[in-house]
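Asks: A predicted structure for the sequence below; I have some questions about it.
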Amino acid sequence: IVDCDQDSYEAVATAIFKTKSVGSGLVRLCEQNTGDNSKYGKWDELVDGEWKYTKTVPITEQWYGNVYNMNFMIPIDVTFTIVIDVIKNKYSGDADALTADVKTWIHQWAFGNITGVDGLGVNQSVYSHECAAAISYAIPEIKIMDCGLYKCEKSELKEEDGEIVSTKPGVTRTSKIPINCIEKGKITDDNIWVRVYDQTGTNLI
């Protein structure tokens, strides 16, 4: 599984071509499917005639001009929502500015840009305490009241009597989202829910 963006596909294929042994096979996971998907959770799939997770890149070798197709898989995105409750405390900006700051640093955490805290990666489970620790490190003026994870889109969550509940069957708040060896956690701006409170517990946003 190669965690890279589209701009790197050719470089990855070239590296595979230069290092693979003669006669070694590269087979899509979907072609090995025996009906038991429990180990990997989800297999590659066809979308409009194209494999969604297996990338096939043609490489022309320099001696005879033969073209070889190099296959490699990119990770399957596991989308989740973070709900984080913070107390404004000594933060100098307003609630909107704080919300924007929290979102910015959640993305920095996801990218692995905060010292001492792992970001999101292939085969790396997502933990709410790691996200909360990253935010506390980056914005020490605030206090983290709570941080929870939901394996769904934010649009599938709602607030009832101050509690966050999911409209998607079977989805509940958790502190860990398991990520297996062909997956990678993915967080988007739309799936970050920041609730800001003052010292008295009043919800500011």
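Replies: Structure received.
Asks: For the rest of this, base every contact and every neighbour count on C-alpha atoms.
Replies: Fine.
Asks: so where's the longest helix in this protein?
Replies: Using DSSP state H, we find that the single longest helix of the chain is helix 95-110.
Asks: got the contact list for the nearest residue to Glu156 once chain neighbours are set aside?
Replies: Ranked by C-alpha to C-alpha, 6 or more residues apart in numbering and with sequence neighbours excluded, the top spatial neighbour of Glu156 is Thr167, at 5.4 Å. Applying C-alpha atoms under 8 Å, 6 or more residues apart in numbering to Thr167 gives the contacts Glu156, Leu157, Lys158.
Asks: what's the answer for Val126, then?
Replies: Contacts of Val126 by C-alpha under 8 Å, 6+ apart are Leu120, Lys176, Ile177, Pro178, Ile179, Gly185.
Asks: Filter these down to the buried ones.
Replies: Applying 16 or more other C-alpha atoms under 10 Å to those, the neighbour count classes Leu120, Lys176, Ile177, Ile179, Gly185 as buried.
Asks: May I ask which two of those are separated the most?
Replies: For those, the maximum inter-member distance is 12.5 Å, found between Leu120 and Lys176 (C-alpha to C-alpha).
Asks: quick one: the helices in the protein?
Replies: For the chain, the helices defined by DSSP H occupy 9-19, 95-110, 128-138.
Asks: Out of the ones you listed, which gets nearest to Val171?
Replies: The closest of the helices of the chain to Val171 is helix 128-138. By C-alpha to C-alpha, the value is 15.7 Å.
Asks: May I have that closest one as CSV, with CA atoms only?
Replies: Written as CSV, here are the backbone C-alpha positions of helix 128-138 (Å, rounded to 0.1, in the frame of the first residue of the first chain):
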residue,chain,number,x,y,z
SER,A,128,-9.2,10.9,20.3
HIS,A,129,-6.7,11.5,23.1
GLU,A,130,-3.9,12.0,20.5
CYS,A,131,-6.1,14.7,18.8
ALA,A,132,-6.8,16.4,22.1
ALA,A,133,-3.1,16.3,23.1
ALA,A,134,-2.2,17.9,19.8
ILE,A,135,-4.7,20.7,20.2
SER,A,136,-3.6,21.3,23.8
TYR,A,137,0.0,21.5,22.7
ALA,A,138,-0.7,23.9,19.9
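Asks: what's that helix packed up against?
Replies: When contacts are defined as 3 or more C-alpha pairs under 8 Å, 6 or more residues apart in numbering; DSSP states H and E, helix 128-138 packs onto helix 95-110, strand 143-150.
Asks: can you tell me the average pLDDT over the longest one?
Replies: Right, the one you point to is helix 95-110. Helix 95-110 comes out with an average pLDDT of 97.
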